[in-house]
Structure formats: C-alpha cells, structure tokens
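Trainee: okay, here's the prediction I keep looking at, along with the sequence it came from:
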Amino acid sequence: MNDHDDQASADRPEVITLSFPARADLVVLARFTAATLGSRAGFDVEEIEDLRLAVDELVVSFEAVQAGGTVQLRCTQSGGEVLIECTVEPGANGDSRQGIAGGELWGADGELSKQLLDALVDQHGREHRDGGPCVWLRKHRAHSGR
Amino acid sequence: MSQVSEENGPIVVVEGEVDLAVAPSLREDLAALVAAGHSTVYVDLLGATFLDSTALGVLVTTREQCLGAGGELHLIVSDPRILKVLQITGLANAFPIHDSRSQIPGSTNGDATDTQ
C-alpha cells in the first residue's frame, strides 16, 4: 500500500453500529466501542477517556420515557473526527420504568450530564429523527498528526 | 464495594468503574449509613477508574443528606480523571477532598467489611 492508498483509507469513513438491550450493566459496551473508535481516529489517551465518559453520558442521558428497549449506537470516524448517534427503540411493552435511565437517577443528574458533555466534546445535541429522539455527539482529535 | 470503620466516620470504598450499574448500590449503602446516624461519611475513590454523572448524582444527594444532619461527605480521590469530572461539574470545592486516607483526621487502620 502506498502513501496515496494510506491517505484514502484514512479519509474513508469507518462506521460501527452497536445494538444492545437498555440495561445499566451493558452501557460499558458503548464505552468500549467509543474507546476503540477514538483510538482508530488517532485520539490520545486523554481524548479517549473523554470520549468514553461522553458516550456514557450520551446513553444514560437518554430520556427515561424511551428506556427499557434497545439502545442503538451508530459510530462514525473519519479524518480524526468521531460522530456517535444514539437512539433507543422502545421495549415491546413500552415500560418507561425499566432499563437504563431508571427514572429517579435521570431526574437528579441531567444537568451534571449536560455539563460533562459540554466540556468533553466539540458538539452534542438532541433531535427528532425517523419519528423518535436521537442524541448525538461529535469530537475532533485535538492534535493534527496521526 | 466495602466499608471501613474510622474514628471520624465510616469509609465506603468504591473501586473500578463507578457508573449507572454501580450507582444504585452506592446510593443504598450511603443512605443506610446516614440513616444509621452517621452524619459524616467518607467515600474512598482511590481505586475508582471511572465516574459518571449518575454516580456523581449519588454523591451530591448524599452530601446534602450529610449536611442536613450536621456533617459532611468527604471524598478520598487522587485519580486525575475523577478529579476532572468534579472540576467540570463545579463540584471540586463542594466536597472536602483528601488524596489519601492518611489525610483524614484521626485515621486508623480500620477493618474492612465487604458489603457485596
């Protein structure tokens, strides 16, 4: 592979999708995936730690009303930037009291979660997409070299 | 999670990744200590490698309970990643923070009791 091929490969978006039941003990999967993607995007150790915490906050900050279903993460890295989009498919019974957010915890910590996301990533947001809410974050590699 | 008895108050030792999966049991343990009359409680995070907003929320809630009872919630923490979380959220000055157990006044080598 020559330099041109290396550059083309580095610039090509890499997409990882992850789907897991909305359970507290499985949020670690989102952190693991984000860390792997951050490493592949050339993030340094501190940036990877920031991304791990940010994706955790992204997942747990999801509105309690959607908890109890299936968390779906779409992670894209390209050119030193990581984009993570998170949606939750409601559970079959639509039970809002089960699953990740757990109601009481969410209500107490939403502002803390927002403060952390504000500080850890370049951009984050919440929007309606395909009929349901989607939370997302975007983080760029700070240093220019790989 | 384990507890250590100290002269100035119990120490709850938390290790590993303190996240949404751990936060409920941490909240339960801390609430039980305050309910048992311990107005000052220490949380030893020296072995913690990760702390998210759900765990932080538990600490904030317990801090309020301790203050209401006339005491304080102390944190024992030295990991820069944990300290960074406290700084970002503006809570670094809200808790008395010690970077080792030896900094706690009246510290002894208390017996550890595993609570899980």
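Mentor: The structure has been received and is ready for your questions.
Trainee: which helix of chain B spans the most residues?
Mentor: If you go by DSSP state H, chain B has its longest helix at helix B:53-68.
Trainee: report the buried residues of that helix.
Mentor: Across helix B:53-68, burial judged by 16 or more other C-beta atoms under 10 Å in any protein chain shown covers B:53-63, B:65-66. The C-beta positions use only the backbone N, C-alpha and C, and glycine is treated the same way.
Trainee: and that helix, what does it pack onto?
Mentor: helix A:45-60, helix A:104-120, helix B:23-35, strand B:41-51, strand B:73-76 (3 or more C-beta pairs under 8 Å, 6 or more residues apart in numbering or on different chains; DSSP states H and E).
Trainee: mind doing that once more with 6 Å?
Mentor: Applying 3 or more C-beta pairs under 6 Å, 6 or more residues apart in numbering or on different chains; DSSP states H and E, one finds that helix B:53-68 makes contact with helix A:104-120, helix B:23-35, strand B:73-76.
Trainee: make a markdown table out of the buried residues of helix B:53-68 and add pLDDT.
Mentor: Listed next are the buried residues of helix B:53-68 as a markdown table, based on pLDDT from 0 to 100:
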| residue | pLDDT |
| --- | --- |
| B:Ser53 | 94 |
| B:Thr54 | 92 |
| B:Ala55 | 94 |
| B:Leu56 | 95 |
| B:Gly57 | 94 |
| B:Val58 | 95 |
| B:Leu59 | 97 |
| B:Val60 | 96 |
| B:Thr61 | 95 |
| B:Thr62 | 97 |
| B:Arg63 | 97 |
| B:Gln65 | 96 |
| B:Cys66 | 96 |
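Trainee: which of the residues you listed lies closest to A:Leu29?
Mentor: B:Thr54 (16.4 Å; C-beta to C-beta).
Trainee: what distance do you get for that closest one to A:Leu116?
Mentor: With distances taken as C-beta to C-beta, to the nearest Å, B:Thr54 is found 11 Å from A:Leu116.
Trainee: low-confidence regions, chain A specifically.
Mentor: A:1-11, A:63-68, A:91-109, A:144-146 (pLDDT under 70).
Trainee: rerun that using 80 as the cut-off
Mentor: A:1-11, A:61-68, A:90-109, A:130-132, A:143-146 (pLDDT under 80).
Trainee: ok, which residues in it are in contact with chain B?
Mentor: When proximity is defined as C-beta under 6 Å from any C-beta of the partner chain, chain A approaches chain B at A:24-25, A:27, A:49, A:56-57, A:60, A:105, A:108-109, A:112-113, A:115-116, A:119.
Trainee: could you work out the most separated pair of those?
Mentor: Checking the residues of chain A next to chain B with C-beta to C-beta, the most distant pair is A:Asp25 and A:Ala119, at 26.2 Å.
Trainee: who has more neighbours, these two?
Mentor: Using other C-beta atoms under 10 Å in any protein chain shown as the criterion, A:Asp25 and A:Ala119 rank with A:Ala119 on top: 15 against 12.
Trainee: not counting sequence-adjacent ones, nearest residue to the more buried one?
Mentor: B:Ile88 (4.4 Å; C-beta to C-beta, 6 or more residues apart in numbering or on different chains).
Trainee: number of residues surrounding the one you found?
Mentor: Neighbour count for B:Ile88, taken as other C-beta under 10 Å: 19.
Trainee: so what pLDDT did it get?
Mentor: Here the pLDDT value assigned to B:Ile88 is 97.
Trainee: tell me who's in contact with the residue nearest in space to the middle of chain B.
Mentor: In chain B, the residue lying closest to the centroid (C-alpha atoms, centre = their mean) is B:Val43, at 2.0 Å. Counting by C-beta atoms under 6 Å, 6 or more residues apart in numbering or on different chains, B:Val43 makes contact with B:Val12, B:Leu75.
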